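Student: Kindly return the folded structure for what I paste below:
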Amino acid sequence: MEAKNNLLIFTIVIIVLLCISNAILLALLWNEKKRTTHLVNVLEKNGLLSLAQIEPKKAKEPPQVASRAQPVPQTKEIPSELFSSPDIVPSPFILAVEGEYILLCEKQLKRLSLVRSMNGTFTLVKAYRCIVGANHHDKQKPGDEATPEGVFFLVRFIPGARLPKKYGYGAFVLNYPDFLSRRQGKGGNGIWLHGHSKEQNIGKDLVNTKGCISTDNDFLKEIATYIKPVGTPFVIIDKVETIKKQDQDAISQEIKSFLNAWKESWERIDTKKYLSFYASDFISSDGMNYENFKNHKEKVNSTKKLIKLNIDNMAIFTPAEYNGSVAVVRFRQKYHSNNFDSDSKKIFYLRKEKGSWYIIGETIIS
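Tutor: Numbers count the residues shown, from 1 in each chain. Coordinates of the predicted model:
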């Protein structure tokens, strides 16, 4: 009798456990269905998914996926006059390494563009929505909530896991304040290109920043597959103007000839000629003024019997606010002498005076 009772109790327990497990499974399926429906609604509401993408295809062919490097279709948001004509180019863009990717932020349009240097010109790869500082003017001081304008370079990437969640996927750090910004007395720091909290949406919950540039996490993740975290040029401008391609080529040739003559004078250890390429108000990367720099170079060069210089990875830009009188040049410099070797990424800041270019400043990208 006792054995029968034990068997009955065991059977009842099994039945109860099966009922509970079925109930849990149904609850999980129902919750997943609600989550999927909510996700689709959110994506559709924000224009990131259309019904055509989730309804079954009548045709047997698989849905087409755009190539990663395929330019986005020309729309009203993408000004064809900037990139479609072979005879005109955006005025800040002069020269870049073949195949190099460059970032362009147009503050007025709140648009972040990925641009590529190809065949001696610049091609739009893709454009993304973004937000910028609440203060629409050029940055002047800390806390003014303005996004700086000029030609900058990325110096490193910070993964989102090492940052507060409001930065989302992560942040690319810019070299602001750069030499030109400091020279003009502009202040502030910590200007990044970053993502955003997953719980918020660009353009809806987030409409501006405190001075950084922010874009969708998925966009930033995609951009990260193209660019280099160190040395990628980043042009920030209120509104892009254009110049003729022939004018761009002329400026490029001028500056390349200038740098080649500078290089040759250094290799010949012609210190007097070498120093003639520097402006009287030049500031070196370690803060030396022209006179201190001159004394230093005269002393160092007196110990040299051999100097060999290799320059590559060159990019040239002309910041819009200087109307062509200032150029920013990034390059890699490999230096070899009888008693010293170095390999560095440099930025030269050039100024044109009476038809000639002079070096007014230099920095090292590290």
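Student: what residue ranges in this protein are flagged as low confidence?
Tutor: Residues of the chain meeting the criterion pLDDT under 70: 1-81.
Student: domain ranges for it?
Tutor: Using automatic domain parsing, the domain parsing of the chain gives 2-54, 80-242, 243-365.
Student: Neighbours of Q248, how many?
Tutor: Using other C-beta atoms under 10 Å, Q248 is surrounded by 23 other residues. From N, CA and C alone the C-beta is placed, and that goes for glycine too.
Student: In three-state terms, how would it be classified?
Tutor: Following DSSP: H, G, I helix; E, B strand; the rest coil, the label given to Q248 is helix.
Student: List phi and psi for the closest residue in space to it that isn't next to it in sequence.
Tutor: Of all residues not flanking Q248 in the chain, V89 sits nearest, at 5.2 Å (C-beta to C-beta, 6 or more residues apart in numbering). When read as degrees, to the nearest 10, the backbone of V89 gives phi -140, psi 160.
Student: Which stretches in the stretch 51-200 of the chain count as strands?
Tutor: In the stretch 51-200 of the chain, the strands defined using DSSP state E, counting those that start in this stretch lie at 88-90, 93-95, 101-106, 111-118, 121-131, 150-159, 170-174, 192-194.
Student: between those, which one is nearest to F348?
Tutor: Closest to F348 of the strands of the stretch 51-200 of the chain is strand 150-159 (C-beta to C-beta; 11.9 Å).
Student: Could you check what's spatially nearest to N208, not counting adjacent residues?
Tutor: Leaving aside its chain neighbours, N208 sits nearest to A134 (4.0 Å; criterion: C-beta to C-beta, 6+ apart).
Student: My guess is the one you found contacts T209. True?
Tutor: Yes. Contact status for A134 versus T209: in contact at 7.2 Å, counting by C-beta atoms under 8 Å.
Student: any idea how far S214 is from the residue nearest to N208?
Tutor: 12 Å (C-beta to C-beta, to the nearest Å).
Student: which one of these two has more residues nearby?
Tutor: S214 (25 against 14).
Student: packing partners for the helix or strand hosting that one?
Tutor: Applying DSSP states H and E as the criterion places S214 in strand 213-215. The contact analysis (3 or more C-beta pairs under 8 Å, 6 or more residues apart in numbering; DSSP states H and E) places strand 213-215 against strand 121-131, strand 192-194.
Student: Mind putting those strands into a markdown table with mean neighbour count and distance to S280?
Tutor: A markdown table is the format used below for the helices and strands packed on strand 213-215 (neighbours: other C-beta atoms under 10 Å; distance: least, C-beta to C-beta, whole Å):
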| stretch | mean neighbour count | distance to S280 |
| --- | --- | --- |
| strand 121-131 | 20 | 34 |
| strand 192-194 | 23 | 36 |
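Student: Helices of the stretch 201-350 of the chain, residue ranges please.
Tutor: Taking DSSP state H, counting those that start in this stretch to define them, one finds helices in the stretch 201-350 of the chain at 217-224, 245-267, 271-275, 290-301.
Student: follow-up on the earlier one: now, of the domains of the chain, which is deepest in the fold?
Tutor: domain 80-242 (a mean of 18; mean count of other C-beta atoms under 10 Å).
Student: give me phi/psi at S302?
Tutor: The phi and psi torsions at S302 (degrees, to the nearest 10) take the values phi -70, psi -20.
Student: Next: T147.
Tutor: phi -90, psi 130.
Student: give me every residue that touches it.
Tutor: The contact partners of T147, by C-beta atoms under 8 Å, 6 or more residues apart in numbering, come to C105, K107, V132, G133, K139, I191, T209, G211, C212, I213, I236.
Student: how about 7 Å then?
Tutor: Residues in contact with T147 (C-beta atoms under 7 Å, 6 or more residues apart in numbering) are K107, V132, G133, K139, G211, I213, I236.
Student: same question, L154
Tutor: L154 makes contacts with F172, V173, L174, I227, P229, V230, G231, T232, F234, as judged by C-beta under 7 Å, 6+ apart.
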